[in-house]
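Asks: Got a sequence here, can you build the structure:
(2 chains)
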Amino acid sequence: MKFAKALASATILAACTFGSASAAELVVGFSQIGSESGWRAAETTLTKQQAEQRGIDLKFADAQQKQENQIKAIRSFIAQGVNAILVAPVVATGWDEVLQEAKDAEIPVILLDRTVDASDDLYLTAVTSDLVHEGNVAGKWLVDTVAGKPCNVVELQGTTGSSPAIDRKKGFEQALSGHDNLKIVRSQTGDFTRTKGKEVMESFLKAEGGGKNICALYAHNDDMAVGAIQAIKEAGLKPGTDILVVSIDAVPDIFQAMAAGEANATVELTPNMAGPAFDALAAYLKDGTAPAKWIQTESKLYTQADDPMKVYEEKKGLGY
Amino acid sequence: MTSIFRTYLARLLPQLIALSAIIIAISMTFPGFLNLEIQNGRLYGSLIDILNRGAPVVLLAIGMTVVIATKGIDLSVGAVMAICGAVAASFITSGHSLFETILITLAVGILCGVWNGILVAVLDIQPIIATLVLMVAGRGIAQLVTEGAILTFNDPGLIFIGSGSFAGLPMPVVVWLVFGVLVALLVRQSALGMLIEAIGVNRQASTLSGVLTPVLLIAAYMLSGLCAAIGGIIAAADIRGADANNAGLWLELDAILAVVVGGTSLLGGRFSIAASVLGAIIIQAINTGILLSGFPPEFNLIIKAAIIVFILVLQSPRFRTSFAFLAFPRRAAKTTEQEAK
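Replies: Numbers count the residues shown, from 1 in each chain, chains lettered A, B, ... in the order given. A predicted model of the protein is given here:
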């Protein structure tokens, strides 16, 4: 029996070594949520790029915001016998069964950008950013920049009750705690949109003495910051100098604003979740090193000193 | 003339009272609310913000009033705003002139209205279902146009429509003022308004008495589409970009609410464009007031709902009859007026 097994694996090994290049090529299935935002589109583009760079044959499936489509896609990947599956899960629950099927077929599954409510032995690892940490990085930048001077901060929150809004607020507040010179004087939701960001900023400016009492703006995403920058300009103030602007996401448009001196800093929510995922996968397939269950992506801070126009050019083509 | 003015005022009285009450309430919690100053050659202050930010809903409410008067409803206006914003942005960025861009965008809005109108008037589909089609599909169409991204533009002419100013007023305010007056004159200085009301009260009876019901119905939805197109241009010009996901999102509900707060019945019939405009301004005043108040955002919707329930209760027939004695002096004034005649 043992001999038979050894023989079988030897034949497989031989087949691999003598097989064509395509046999050595890794086939990975990727079930993407959809293209509901520019960031998601950029994530898709980057995943395809990363796969191409590594010579991975990526099978892409767009779920159009539906979990049933994702489950179908995963089942078809299993049937095709891919080497690994990447999933950006649209919701957190209801994954146990299909993940178990993948496990039974011995296909490692890596979660991208979001996690699921399932036992963590059902997937290899999850690559996500830490939303609290993002808020924290933004807060630290502001603390360092004002350097002890008194500063009134206004905050544009994301959609009330959404996890990015809650966590980015929490992280920012953590960074500010213990620095009594910084005070959040107004905080309202701008629903992550430019229009609301602009409207809410207008009211902040009116409420705080025409903006004279505001020293900095913290927006939970770049889009709201872009809207708010217009409101600040229309109120006759200089965004970036009269009012410091720090936000999160690092979408291309904020780099244009930074190049024009109208925004000061942004924290990147990297759309390159696939890079770390492929690295972990390569290590796992090579000698079975199991990666940590959570791979945190870098929350990189960009400021005006980082040649914003260059970053803009790099990011422009990613489909944001 | 004065008697016309007086009946007009009597019609708008509940809305005017509600609006002044809200403005007084806000200015008590936030003292600087009524301040107006001239900045960069334009009026600047929270009151102007209300008129300016209310522009899309005011425009949608104008079209919605006429549609609702025909006993219809147009759920697609928010999505049509997104489509038109996307069309405007893509035309201006592909090098078309401002004039062409606006013309094509308005045409697209009217076309959306024609689609709704045909479904309602010719195929006889219930308006709520007929317009639901475009409400759901419209945002997808807009995303196809923008290719999923926020399509930004730098054309100074188009930006002017969103954030420029004319005669001291922000352009969006000028646009809705002029447009609202034009529509109101059109429907009230001709028999159009009466015919629309006739359709709303009894479509079959008006058809039998010779009203061109299908044509007027389609025209009503075309007007609604046109309003949404103007709203879409303003919304896109305001942020210098077309956001297919968020432009006009849920604004159809605000527009319907504005019409209801304005006292026009959802069952069709009598309507007032001025009252709907006031209704939209009331909603925006509440929104701006909440933003200025500094409450945590978790309370926004609760406060808004509470105020609107209060206004609707004030308008309800039951409430009015219970407090009819308050209206008595006015009725007395009317009879003396008639005697004087």
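Asks: Residue 172 sits in which helix or strand?
Replies: All of this refers to chain A. The secondary structure element spanning A:Phe172 is helix A:163-176 (assigned by DSSP states H and E).
Asks: other chain: chain B
Replies: Taking DSSP H and E as the criterion, B:Pro172 maps to helix B:171-189.
Asks: ditto for B:Leu103
Replies: Using DSSP H and E, B:Leu103 maps to helix B:98-117.
Asks: who's in contact with the residue sitting nearest the centre point of chain B?
Replies: In chain B, the centroid-proximal residue (Cα atoms, centre = their mean) is B:Ala61; its distance is 2.0 Å. Remark: with contacts taken as Cβ atoms under 8 Å, 6 or more residues apart in numbering or on different chains, B:Ala61 is in contact with B:Ala255, B:Ala258, B:Val259, B:Gly262, B:Ser276, B:Val277, B:Gly279, B:Ala280. For glycine as for every other residue, the C-beta is placed from the backbone atoms N, C-alpha and C.
Asks: so it sits in a helix?
Replies: Yes: assignment of B:Ala61 by DSSP: H, G, I helix; E, B strand; the rest coil places it within a helix.
Asks: so who does the nearest residue to it once chain neighbours are set aside touch?
Replies: The shortest distance from B:Ala61 to any non-neighbouring residue, by Cβ to Cβ, 6 or more residues apart in numbering or on different chains, is to B:Ala258 (3.9 Å). Contacts for B:Ala258 were tallied using Cβ under 8 Å, 6+ apart; they are B:Val57, B:Val58, B:Leu60, B:Ala61, B:Met64, B:Ser276, B:Val277, B:Gly279, B:Ala280, B:Ile282, B:Ile283.
Asks: Would you map the strands across the chain?
Replies: Using chain A. Listed from the start of the chain, chain A has strands (DSSP state E) covering A:27-32, A:57-62, A:84-87, A:109-112, A:125-128, A:151-157, A:182-189, A:216-219, A:244-249, A:265-268, A:294-296, A:301-303.
Asks: looking at chain B here, not the other one
Replies: Listed in chain order (using DSSP E), the strands of chain B are B:37-39, B:42-44, B:151-152, B:165-166, B:169-170, B:241-242.
Asks: As TSV, those strands with distance to B:Arg53 would be great.
Replies: Converted to TSV, the strands of chain B look like this (distance: least, Cβ to Cβ, whole Å):
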stretch	distance to B:Arg53
strand B:37-39	17
strand B:42-44	14
strand B:151-152	21
strand B:165-166	15
strand B:169-170	9
strand B:241-242	17
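Asks: what's the most buried one of those?
Replies: Looking across the strands of chain B with neighbours counted as mean count of other Cβ atoms under 10 Å in any protein chain shown, the highest average goes to strand B:241-242: a mean of 28.
Asks: Return the backbone torsion pair for the spatially most central residue of chain A.
Replies: Geometric centre of chain A, nearest residue: A:Leu269, 4.1 Å, by Cα atoms, centre = their mean. Backbone torsions for A:Leu269, taken as degrees, to the nearest 10, come to phi -100, psi 100.
Asks: low-confidence ranges in chain A?
Replies: Under the criterion of pLDDT under 70, the regions of chain A flagged as low confidence span A:1-24.
Asks: give me that answer again for 50
Replies: In the predicted model of chain A, residues A:1-3, A:7-23 satisfy pLDDT under 50.
Asks: Tell me the residues of it that contact chain B?
Replies: When proximity is defined as Cβ under 8 Å from any Cβ of the partner chain, chain A approaches chain B at A:35-38, A:41, A:157, A:160-161, A:186-189, A:191, A:193-195, A:198-200, A:202-204, A:206-207, A:223, A:226-227, A:230, A:234-236, A:253, A:319-320.
Asks: Helices - which of the residues you listed land there?
Replies: For the residues of chain A next to chain B, the ones inside helices are A:38, A:41, A:194-195, A:198-200, A:202-204, A:206-207, A:223, A:226-227, A:230, A:234, A:253, with DSSP state H as the criterion.
Asks: could you measure B:Ala89 against A:Pro291, distance?
Replies: B:Ala89 sits 43 Å away from A:Pro291, taking Cβ to Cβ, to the nearest Å as the criterion.
Asks: ok so, going back, now rank the contacts of B:Ala61 by neighbours and give me the top one.
Replies: B:Ala255 (36 neighbours; other Cβ atoms under 10 Å in any protein chain shown).
Asks: Compute the distance between that residue and chain A, please.
Replies: Here the criterion is Cβ to the nearest Cβ, to the nearest Å. By it, B:Ala255 lies 16 Å from chain A.
Asks: count of neighbours near the residue nearest to that residue when sequence neighbours are not counted?
Replies: Spatially, and ignoring its direct neighbours in sequence, B:Ala255 is nearest to B:Leu60 (3.6 Å; Cβ to Cβ, 6+ apart). B:Leu60 is flanked by 31 other residues according to other Cβ under 10 Å.
Asks: list the contacts for B:Leu60?
Replies: The neighbourhood of B:Leu60, defined by Cβ under 8 Å, 6+ apart, consists of B:77-78, B:81, B:224, B:227-228, B:231, B:251-252, B:254-255, B:258, B:280.
Asks: tell me which parts of the stretch 201-341 of chain B are close to chain A?
Replies: Proximity of the stretch 201-341 of chain B to chain A, by Cβ under 8 Å from any Cβ, involves residues B:235, B:238-241, B:243, B:245-247, B:249, B:288, B:291-292, B:294, B:296-298, B:300.
Asks: Which members of these are classed as buried?
Replies: Neighbour-count burial (16 or more other Cβ atoms under 10 Å in any protein chain shown) applied to those gives B:235, B:238-241, B:243, B:245-247, B:249, B:288, B:291-292, B:297, B:300.
Asks: From those, which land in helices?
Replies: When DSSP H defines the helices, the subset of those inside them is B:Ala235, B:Asp238, B:Ile239, B:Thr288, B:Leu291, B:Leu292, B:Asn300.
Asks: What residue, apart from its backbone neighbours, is nearest B:Ala237 spatially?
Replies: The shortest distance from B:Ala237 to any non-neighbouring residue, by Cβ to Cβ, 6+ apart, is to B:Gly162 (2.8 Å).
Asks: So chain A: which segments form each domain?
Replies: Using automatic domain parsing, the domains assigned to chain A come out as A:18-129+A:271-289, A:131-269+A:305-312.
Asks: A:Asp306 versus the nearest residue to A:Asp121 once chain neighbours are set aside, what's the distance?
Replies: With Cβ to Cβ, 6+ apart as the criterion, A:Asp121 has its nearest non-adjacent residue at 7.8 Å, and that residue is A:Lys103. Counting by Cβ to Cβ, the gap from A:Lys103 to A:Asp306 is 42 Å.
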